[in-house]
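Participant: Prediction below, plus the sequence it came from.
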Amino acid sequence: DDHSQVGGGALPTVELPTAALAVGAVITSTKAGFRLMQEGCERINPTRLLKPPPTDAELAVRQLQEEMEQFHKERESIERQVEQNTRHSQTVAEQCFRDASPEMKRFYRAAGLAPEGNEVERMVLARELNIDETWILPGRVFTANKDGQVGLQPNQQSVWIRGMVPPSAIPLIPKDEKVFAAAREGGVPLEEFPGAIHTTNSWGLRGPEPDCNAALRIMVLGDSFMHGYGVGDDDTAPARLQKHLAGSAQGDVSVLNTAITGTGPRQYVDSFEKFRRSFRPHVVVVGLFSNDFGVGEDVCNGGGARWVQGRHYLRQIWDTCEQEGITCIVAPCYSLNQFKHRKFSYSDRLASELPFVRSDCFCEILPALQKENLRLHQVQRGTETNRSSLVHLEDQGDVHLNAAGNDLCGRELAEHIQLLRQQKASGGHSITAR
């Protein structure tokens with residue numbers, strides 16, 4: 001018989017599995033079986049048979065390499081989308097300005113939303129907000145570096161407006177009567193959120209001046225939910241956190257709110273690195289909303305998320321905190337839809353996608369939000385009111401937490417931090433002051 005044929009088929013050109021050779025050994029009584037055994041032995045790489053399975057460390061390195069490859073592919077995709085969105089936003093802003101009436105143009109200039117003019121009048125193009133979007137923002141309120149990373153103008157007072165301020169993506173404008181007068185002349189209906197004053201300190205962050213010598217220093221990273229969308233300075237979640245801790249902690253407490261609406265994990269790393277050496281936090285709280293990883297509900301439902309991107313940046317924060325003895329707390333943030341429907345949560349998904357975060361470092365506020373929302377609806381039963389008292393404007397699509405919702409969030413965070421402090425006092429892992 002032709003030795004290249006066994007049972008009428010061509011002999012495989014790949015290495016034969018060990019199991020196949022064993023079968024060949026059984027049938028060596030036939031000529032074809034003997035030749036199968038002989039050729040298989042010639043093809044086997046002995047070193048491969050003797051090589052031990054990969055160690056956990058080798059598997060970890062291999063996994064890291066694969067994840068970095070995926071990270072860079074995602075980065076390339078995001079950067080292409082950002083470039084496209086930036087060109088589109090620039091075109092939209094220029095078109096809006098060209099088509100505007102003289103009165104409307106005066107409003108754009110007064111608010112810092114003009115695509116042309118001096119430094120005070122010009123808008124800001126902030127890149128990579130909500131992962132790959134480019135937003136138009138008032139230059140009198142916001143800043144952007146050469147990479148388009150957004151910041152806040154220092155020592156400024158602004159006000160939150162109901163609805164959008166065309167063409168800005170964030171309804172936050174300078175608290176300046178000239179801006180409101182120009183808006184009235186231009187026919188722009190500006191309605192302030194009651195008491196929603198937005199004040200920045202000399203660091204270009206929302207809130208009071210930080211106390212870098214306080215006994216307990218907490219840095220908060222996040223987007224609009226930690227920034228305090230639509231609420232006053234004293235009613236943000238970080239401000240309420242400080243208030244709740246002040247009555248129970250020993251010594252002074254200072255909470256640094258670095259959150260900015262629309263930002264995500266990439267900027268959380270930038271803010272962390274920018275301020276951590278000056279502020280020297282004992283605790284870092286990272287507020288994570290589902291759109292930090294893609295389209296909000298898609299993320300919760302297992303859809304197209306960019307977990308590799310978020311995980312890459314959050315791992316940098318976590319690792320630095322571990323190295324420097326800083327307690328890092330991850331706090332999932334929720335909109336109305338996510339706590340109104342009890343089945344809707346992405347905290348389990350977060351835990352599986354961020355395996356490096358210890359379970360005691362997740363601060364889960366969802367049960368408290370659901371319980372309070374249910375209580376409020378029971379109180380309202382039989383009345384004309386049929387909306388949540390924890391968000392701004394449920395019927396108009398604004399589902400950010402209001403002052404009451406932020407107070408509950410701040411309280412839950414304060415209790416979690418106190419629990420970790422007690423754990424430390426009893427010898428467990430917890431907050432380490434430096």
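Facilitator: Thanks, I have it. Note that the structure is predicted; figures quoted are calculated from it, not measured.
Participant: ok, now which ones touch F107?
Facilitator: L113, V179, A182, A183, E185, G186, V188 (C-beta atoms under 8 Å, 6 or more residues apart in numbering). No exception for glycine: its C-beta is placed from N, CA and C like everyone else's.
Participant: By neighbours, which of these wins?
Facilitator: L113 (29 neighbours; other C-beta atoms under 10 Å).
Participant: what's the neighbour count on the residue nearest to that residue when sequence neighbours are not counted?
Facilitator: Nearest residue to L113 in three dimensions, chain neighbours excluded: M123, at 4.8 Å (C-beta to C-beta, 6 or more residues apart in numbering). Number of residues near M123 (other C-beta under 10 Å) recorded here: 28.
Participant: Quick one: residues contacting M123.
Facilitator: A93, Y108, G112, L113, A114, P115, I136, L137, P138, G139, S168.
Participant: Inside strands: which ones of those?
Facilitator: I136, L137 (DSSP state E).
Participant: from the contacts of F107, which is closest to Q309?
Facilitator: Closest approach between the contacts of F107 and Q309, by C-beta to C-beta: L113, at 29.9 Å.
Participant: can I get the contacts of M123 in TSV with pLDDT and distance to T200?
Facilitator: As requested, the contacts of M123 are exported to TSV (pLDDT from 0 to 100; distance: C-beta to C-beta, whole Å):
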residue	pLDDT	distance to T200
A93	92	24
Y108	93	22
G112	94	14
L113	94	18
A114	94	22
P115	93	24
I136	94	20
L137	94	14
P138	94	13
G139	95	14
S168	86	17
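Participant: Just the closest of the contacts of M123 to S202, please.
Facilitator: Of all these, S202 sits closest to G139, with 18.9 Å by C-beta to C-beta.
Participant: From L172, how far out is the closest one?
Facilitator: 12 Å (C-beta to C-beta, to the nearest Å).
Participant: And the contacts of stretch 228-236?
Facilitator: 160, 193, 195-199, 206-207, 226-227, 237-239, 243, 257, 259, 261, 392, 398, 400-403, 406-407.
Participant: With stretch 65-81 instead?
Facilitator: Against stretch 65-81 from outside (C-beta under 8 Å, 6+ apart): E128, I131, D132, R306, V308, Q309, R311, H312.
Participant: Just list the residues touching E133, thanks.
Facilitator: V82, N85, A169, G262.
Participant: Now do the phi/psi pair for it.
Facilitator: The phi and psi values for E133, taken as degrees, to the nearest 10, are phi -90, psi 160.
Participant: Quickly list what it is bridged to.
Facilitator: Note on E133: beta-bridge partners L129, judged by DSSP bridges.
Participant: From the contacts of E133, which shows the smallest pLDDT?
Facilitator: Least confident entry in the contacts of E133, by pLDDT: A169, with 85.
Participant: how many neighbours does the closest residue to that residue other than its chain neighbours have?
Facilitator: Distances taken as C-beta to C-beta, 6+ apart place W135 nearest to A169, at 3.6 Å, with adjacent residues excluded. Using other C-beta under 10 Å, W135 has 25 neighbouring residues.
Participant: try S359
Facilitator: S359 has 6 neighbours, counted by other C-beta under 10 Å.
Participant: who's in contact with it?
Facilitator: A351.
Participant: So what does I218 look like in phi/psi?
Facilitator: phi -130, psi 130.
Participant: ok, what's across the strand from it?
Facilitator: V255, V283.
Participant: Let me see the contact set for it.
Facilitator: So I218 contacts 238, 241-242, 245, 253-256, 281-285, 417 (C-beta under 8 Å, 6+ apart).
Participant: repeat for R266
Facilitator: E128, Q309, Y313.
Participant: 7 Å instead?
Facilitator: By C-beta atoms under 7 Å, 6 or more residues apart in numbering, the contact list for R266 reads E128, Y313.
Participant: From D348, how far off is it?
Facilitator: Taking C-beta to C-beta as the measure, R266 falls 24 Å from D348.
Participant: For the stretch 101-250 of the chain, just list every one of the helices.
Facilitator: Applying DSSP state H, counting those that start in this stretch to the stretch 101-250 of the chain gives helices spanning 102-111, 177-186, 224-227, 237-246.
Participant: ranking the ones you listed by burial, who's on top?
Facilitator: Comparing those by mean neighbour count (mean count of other C-beta atoms under 10 Å), helix 224-227 ranks first with a mean of 26.
Participant: for the helices of the stretch 101-250 of the chain, which one sits closest to C333?
Facilitator: Closest of these to C333 is helix 224-227, at 4.0 Å (criterion: C-beta to C-beta).
Participant: returning to what we had before: show me which of the contacts of stretch 228-236 are buried.
Facilitator: Neighbour-count burial (16 or more other C-beta atoms under 10 Å) applied to those gives 160, 193, 196, 198, 206-207, 226-227, 237-239, 243, 257, 259, 261, 392, 398, 400-403, 406-407.
Participant: Now go through those residues and say which are in strands.
Facilitator: Using DSSP E, W160, F193, A196, H198, N257, H392, D398, H400, L401 are the members of the buried ones among the contacts of stretch 228-236 that sit in strands.
Participant: Is the last one bridged to anything, and to what?
Facilitator: To tie it back to what came earlier, the one meant is L401. Counting by DSSP bridges, L401 is bridged to V391.
Participant: from what I can see it touches V391, true?
Facilitator: Yes - using C-beta atoms under 7 Å, L401 makes contact with V391 at a distance of 6.0 Å.
Participant: Can I get the contacts of M123 in a markdown table including distance to Q153?
Facilitator: Supplementary listing: these in a markdown table, determined by distance: C-beta to C-beta, whole Å:
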| residue | distance to Q153 |
| --- | --- |
| A93 | 19 |
| Y108 | 17 |
| G112 | 9 |
| L113 | 14 |
| A114 | 16 |
| P115 | 18 |
| I136 | 16 |
| L137 | 11 |
| P138 | 9 |
| G139 | 8 |
| S168 | 14 |
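Participant: Among the contacts of M123, pick out the one closest to R375, please.
Facilitator: Relative to R375, and with distances defined as C-beta to C-beta, the nearest of the contacts of M123 is S168, at 36.3 Å.
Participant: In contact with that closest one, which residues?
Facilitator: By C-beta under 7 Å, 6+ apart, S168 lies in contact with L113, I136, L137, P138.
Participant: Scan this protein for its longest helix.
Facilitator: Longest helix in the chain by number of residues (criterion: DSSP state H): helix 56-99.
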